[in-house]
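K.L.:
build the 3D model from these lines:
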Amino acid sequence: MSRVGVIELSEVILTALQQAVELLIAKLEQASATTQRLLVKLDLSKNIDLIDWMDTQDLYPKFYWQSRNCREEVVALGQIKTFTDPKAAEKVISDDQRIWGGRSFDGRTERNRRCLSSFFFLPLLELSRIDNDWHLAVNVGEDRDRMLTSLKQLKFDTSLISGIQSTILNRSYTPDFSGWSNMITRALDAIENKAFEKVVLARRTQLQLDKPVSPAQLLKASCANNSNSFHFLMALDDKHGFIGSTPERLFQRHEYTLQTEALAGTIGRGHDEAEDHQLAQWLLSDNKNRYENRLVVDDIVNRLVPCSQSMNVAQIPELVQLRKVQHLKRSIDAQLNDGIFSADLLDNLQPTAAIAGLPRDPALHFIAENEPFSRGWYSGAVGYIGQHHSEFCVAIRSALIIEGDVHLFAGAGIVPGSIAESEWKELNRKTSTLCSLFGQDQSSSETPEMEFKRASCN
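P.N.:
Next comes the predicted model:
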């Protein structure tokens with residue numbers, strides 16, 4: 001699914017938003033001491049683009065979410081309360097409230113003390129769409145005066161975000177190709193010595209641009225170009241923004257019904273229909289990629305067994321085709337036991353073997369000892385928790401933008417038979433999901449030797 005026929009903001013739409021906020025302000029001024037949430041319905045078209053409006057606001061944190069099937073879209077602004085423990089939040093929020101945020105891959109560990117291990121917030125304002133229905137809601141906290149002040153400072157003279165005008169001048173890689181090759185060799189040696197069956201190793205790509213790009217610019221361009229993906233933005237302040245367009249669901253939970261998946265095994269897209277079909281058929285039959293996918297399935301199933309009454313696993317992988325790559329996916333459905341919190345599922349499933357390895361602990365230890373950078377939010381989990389419905393995506397195909405500096409991340413699953421050059425090319429295909437939005441994407445056609453020479457000159 002993609003955002004076809006998106007409608008830019010107009011004076012009519014902005015006026016409708018302003019009137020809805022004014023109505024919520026009036027409701028808040030009259031609300032009782034026990035009121036937890038106020039809601040108004042909006043009469044808006046499904047395809048309105050509100051990233052521009054979100055970007056104009058000075059309220060932080062900011063969170064944008066679009067579900068993979070495009071049925072749900074949310075802008076969450078400001079905070080009533082923040083949480084580092086999602087389970088504590090899950091126990092206190094009301095039936096119709098949701099906390100937004102995520103869990104990092106390695107925050108608050110020895111190698112990454114600066115990054116939070118998790119961050120969730122109950123937003124002040126939540127603008128949401130499910131199918132064709134729009135609602136604007138306010139979560140009510142104790143400091144009503146502060147809430148009213150924040151709501152009255154919302155802006156309705158939004159200017160449109162311009163398209164990306166930046167050009168990529170250079171890319172630098174951590175690790176470079178030489179370091180990547182050495183890391184792959186060490187991983188294959190560890191696999192041969194039975195330390196683990198699989199490890200997922202990552203690379204960070206820093207873009208040097210001729211002019212800065214904002215998180216909202218990159219998000220808006222990605223939403224318009226990358227379909228069949230979750231789109232998200234999380235910004236805790238005006239200097240940092242973490243954005244992504246990921247095809248991978250960690251889990252979706254509705255009451256006792258759970259849906260998750262194993263997304264592992266990758267090949268690029270063809271230059272024409274015939275080549276595309278040939279690559280797809282190769283992926284579906286390739287033993288290495290099917291083995292990598294099976295490891296992820298086994299890991300997820302083992303982690304769900306203690307909290308599930310029953311489970312159904314797709315026996316045959318299906319093909320997921322994205323703009324730049326295609327993946328193998330097997331769906332996994334489960335009926336949960338009583339008393340299982342969504343935060344428990346987050347603990348059990350993240351990180352999966354698709355972004356860490358198998359078994360989890362020795363793979364994580366290898367990553368910590370060998371990857372030359374901290375992942376932070378990359379390959380963590382981003383989404384929301386509610387009393388009856390929760391959903392998280394895996395934060396891959398993502399970028400961290402810090403005061404205009406753009407860092408892209410991608411990983412590759414290493415199993416017996418992995419070749420450093422092939423895995424490097426896979427990283428290029430994955431980063432091209434966002435890199436290609438700058439109009440200077442040569443990553444898929446370059447050889448590792450070319451990239452190594454350029455990286456060494458930085």
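K.L.:
for the one helix or strand Ser245 maps to, packing partners?
P.N.:
Using DSSP states H and E, Ser245 falls within strand 240-246. Judged by 3 or more CB pairs under 8 Å, 6 or more residues apart in numbering; DSSP states H and E, the packing partners of strand 240-246 are helix 215-225, strand 230-235, strand 389-394, strand 398-402. Where C-beta positions appear, they are placed from N, C-alpha and C, glycine not excepted.
K.L.:
residue contacts, the residue nearest the centre of the chain?
P.N.:
Closest to where the C-alpha atoms of the chain average out (CA atoms, centre = their mean) is Ala395, at 3.3 Å. Each residue near Ala395 by CB atoms under 8 Å, 6 or more residues apart in numbering is listed here: Gly102, Phe232, Phe242, Gly244, Thr246, Trp377, Tyr378, Ser379, Gly380, Ala381, Val382.
K.L.:
any idea how many residues pack against the nearest residue to the last one once chain neighbours are set aside?
P.N.:
Here the nearest residue to Val382 in space, its sequence neighbours aside, is Gly102; by CB to CB, 6 or more residues apart in numbering that works out to 3.8 Å. With neighbours defined by other CB atoms under 10 Å, the count for Gly102 comes to 25.
K.L.:
before we move on, the earlier item: what distance do you get for the residue nearest to the centre of the chain to Met311?
P.N.:
25 Å (CB to CB, to the nearest Å).
K.L.:
report the inter-axis angle for the strand holding Ser245 versus helix 215-225.
P.N.:
Angle of strand 240-246 versus helix 215-225, following axes from the mean of the first three to the mean of the last three CA atoms, to 10 degrees, is 10 degrees.
K.L.:
what mean pLDDT does strand 240-246 have?
P.N.:
The average of the pLDDT scores along strand 240-246 is 97.
K.L.:
hang on, the earlier thing: ok, now how distant is the residue nearest to the centre of the chain from Ser342?
P.N.:
17 Å.
K.L.:
Tyr60 too?
P.N.:
To Ser342, Tyr60 is 25 Å away according to CB to CB.
K.L.:
beta partners of the residue nearest to Val382?
P.N.:
Note on Gly102: beta-bridge partners Phe119, Val382, judged by DSSP bridges.
K.L.:
residues contacting it?
P.N.:
Going by CB under 8 Å, 6+ apart, Gly102 touches Ser118, Phe119, Phe120, Met234, Trp377, Gly380, Ala381, Val382, Gly383, Phe392, Ala395.
K.L.:
starting from the host helix or strand of Thr260, tell me which strands it pairs with and how they run.
P.N.:
If you go by DSSP H and E, Thr260 is part of strand 257-268. Paired strands of strand 257-268, with direction, are strand 249-254 (antiparallel), strand 325-336 (antiparallel) (DSSP bridges).
K.L.:
put the alpha carbons of it into PDB.
P.N.:
C-alpha atoms of strand 257-268 as PDB (Å, rounded to 0.1, in the frame of the first residue of the first chain):
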ATOM      1  CA  THR A 257      -4.700 -12.500  19.200                       C
ATOM      2  CA  LEU A 258      -1.000 -12.000  18.200                       C
ATOM      3  CA  GLN A 259       0.500 -11.600  14.700                       C
ATOM      4  CA  THR A 260       4.200 -11.600  14.100                       C
ATOM      5  CA  GLU A 261       6.500 -12.800  11.300                       C
ATOM      6  CA  ALA A 262      10.000 -13.900  10.300                       C
ATOM      7  CA  LEU A 263      11.400 -11.500   7.700                       C
ATOM      8  CA  ALA A 264      14.800 -12.800   6.600                       C
ATOM      9  CA  GLY A 265      16.400 -13.600   3.300                       C
ATOM     10  CA  THR A 266      17.100 -10.800   0.800                       C
ATOM     11  CA  ILE A 267      17.800 -10.200  -2.900                       C
ATOM     12  CA  GLY A 268      17.500  -7.000  -5.000                       C
END
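K.L.:
and it, how far out from the chain's middle?
P.N.:
Centre-to-centre, strand 257-268 and its host chain are 14 Å apart (CA atoms, centre = their mean, to the nearest Å).
K.L.:
how many neighbouring residues does Glu275 have?
P.N.:
If we define neighbours as other CB under 10 Å, then Glu275 has 12 of them.
K.L.:
counting contacts, what elements does whichever helix or strand it is part of pack onto?
P.N.:
Using DSSP H and E, Glu275 maps to helix 273-285. The contact analysis (3+ CB pairs under 8 Å, 6+ apart) places helix 273-285 against strand 257-268, strand 318-321, strand 325-336.
K.L.:
need the helices and strands packed on strand 240-246 in JSON lines (columns: mean pLDDT).
P.N.:
Shown next, in JSON lines, are the helices and strands packed on strand 240-246 (pLDDT from 0 to 100):
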{"stretch": "helix 215-225", "mean pLDDT": "96"}
{"stretch": "strand 230-235", "mean pLDDT": "98"}
{"stretch": "strand 389-394", "mean pLDDT": "98"}
{"stretch": "strand 398-402", "mean pLDDT": "97"}
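K.L.:
adding mean neighbour count, write the ones you listed out as a markdown table.
P.N.:
Formatted as a markdown table, the helices and strands packed on strand 240-246 follow (neighbours: other CB atoms under 10 Å):
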| stretch | mean neighbour count |
| --- | --- |
| helix 215-225 | 22 |
| strand 230-235 | 24 |
| strand 389-394 | 24 |
| strand 398-402 | 22 |
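K.L.:
for Tyr256, find the nearest of the ones you listed.
P.N.:
The closest of the helices and strands packed on strand 240-246 to Tyr256 is strand 389-394. By CB to CB, the value is 11.6 Å.
K.L.:
render the CA-only coordinates of that closest one in PDB, please.
P.N.:
This file holds the C-alpha atoms of strand 389-394, laid out as PDB (Å, rounded to 0.1, in the frame of the first residue of the first chain):
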ATOM      1  CA  HIS A 389      -4.300  -3.200  20.900                       C
ATOM      2  CA  SER A 390      -0.500  -2.800  20.500                       C
ATOM      3  CA  GLU A 391       1.800  -2.800  17.500                       C
ATOM      4  CA  PHE A 392       5.600  -2.500  17.000                       C
ATOM      5  CA  CYS A 393       7.800  -2.500  13.900                       C
ATOM      6  CA  VAL A 394      11.500  -3.400  13.800                       C
END
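K.L.:
that one pairs with which strands, parallel or anti?
P.N.:
strand 249-254 (antiparallel), strand 381-386 (antiparallel).
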